[in-house]
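[1] could you work out the structure for the sequence below:
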Amino acid sequence: MDRRAPRPGLRDGARRLTGGQRTVVLWDMDGTLVDTEEHWILAATDVLAGRGAELDEADRRRLVGAAVPDGAGILIAAGAPGTPGEVATAWTDAATRRTAAHGVRWRPGAVELLSALRRHGVPQALVTASPRAYASHVLAGLSNDPFRAVVAGDDVTRGKPFPDPYLRALELLGATGAAGVAVEDSITGLRAARSAGLATIGVPHHVAIPAAEADVVWPTLAGRGADDVLALAR
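    As a prediction, the model looks like this:
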């Protein structure tokens, strides 16, 4: 896992909490920043194609935000042939092909909010259940990469809903959960972030987010600014 060196010239304008900790913002990727969650769901149907099996609605919901090994387990239970490792590889390859074919669409307001936080000097990290190679493909579409750290699904042994990916990102940023805000589109991801001690913003996409699962639920990132996010820091 890489730790990215702080960029020169960033203003130190992020809110500081008791004890001098600077607020950090940690982002989920699929479904939160980019509209790729459907690629993963359709890739799952590709893996099951020809096996006389298909995903039911409960399976689809469980795949949203799932780490690749957990998703592979769901696919095997639904009838996918092969070992967990083979199914995980087949699913990732199918998702990568779909993303390459259809491109990456950024969610409304996502690029603007990333840029606004960067201008405010807020350290940001990407915390995704997707493998690093897939995340790198998506991030290549950003002209100004705002992330000081990236934690991908293959960087940790236990993925979301365990707190491990978020705890690792906080470690890379030199922060604690009390100084952080996480932005997620899935209940799985929100539970991981909360377990790491982070304040949470839910931005539902394919799956509804009950109010109890996040500190706030926004229907969209569009129209939101850095101050809206920083106000959530504990």
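[2] what's the nearest residue to the residue of the chain most remote from its centre if we skip its chain neighbours?
    Relative to the centre of the chain, the most outlying C-alpha is that of Gly52, 31.6 Å out, by C-alpha atoms, centre = their mean. In this structure, Gly52 finds its nearest non-sequential neighbour in Gly79, 7.0 Å apart by C-beta to C-beta, 6 or more residues apart in numbering. Every C-beta, even on glycine, is put in place using the N, C-alpha and C of the backbone.
[3] dihedrals phi and psi, the one you found?
    Phi and psi for Gly79, reported as degrees, to the nearest 10, are phi 120, psi 0.
[4] tally of neighbours for it?
    13 (other C-beta atoms under 10 Å).
[5] how near is Met29 to Phe162?
    Distance, Met29 to Phe162, using C-beta to C-beta, to the nearest Å: 17 Å.
[6] of the two, give the one with the bigger neighbour count.
    Neighbours per residue, other C-beta under 10 Å: of Met29 and Phe162, the larger number sits with Met29, 23 against 17.
[7] what ranges does this structure have for its strands?
    Under the criterion DSSP state E, the chain contains strands at 24-27, 124-127, 147-151, 180-184, 199-202, 216-217.
[8] and the nearest residue to Tyr166 once chain neighbours are set aside, what pLDDT?
    Distance criterion C-beta to C-beta, 6+ apart; nearest residue to Tyr166, sequence neighbours excluded, is Ala196 at 3.7 Å. You'll see Ala196 listed with a pLDDT of 96.
[9] check the one 10 residues further on too.
    According to the model's per-residue confidence, His206 sits at a pLDDT of 81.
[10] is it true that it touches Glu37?
    Yes: here His206 reaches Glu37: they are 5.3 Å apart, a contact under C-beta atoms under 8 Å.
[11] pull up the overlap in contacts between the two.
    Among the neighbours of His206, those also in contact with Glu37 (C-beta atoms under 8 Å, 6 or more residues apart in numbering) are 31, 64, 185.
[12] closest one to Ser130 out of these, please.
    Gly31 (10.6 Å; C-beta to C-beta).
[13] what sits against the residue nearest in space to the middle of the chain?
    With distances taken as C-alpha atoms, centre = their mean, the chain has Asp28 as the residue nearest its mean C-alpha position (1.8 Å). By C-beta under 8 Å, 6+ apart, the contact list for Asp28 reads 65, 127-129, 182-186, 189.
[14] try 7 Å
    Residues in contact with Asp28 (C-beta atoms under 7 Å, 6 or more residues apart in numbering) are 127-128, 183-185, 189.
[15] same check on Pro69?
    Listed by C-beta under 7 Å, 6+ apart, the contact set of Pro69 reads 84, 88.
[16] swap in the one 10 residues further on?
    Contacts here follow C-beta under 7 Å, 6+ apart; on that basis Gly79 touches 48, 51, 53.
[17] thanks again, I'm all set now.
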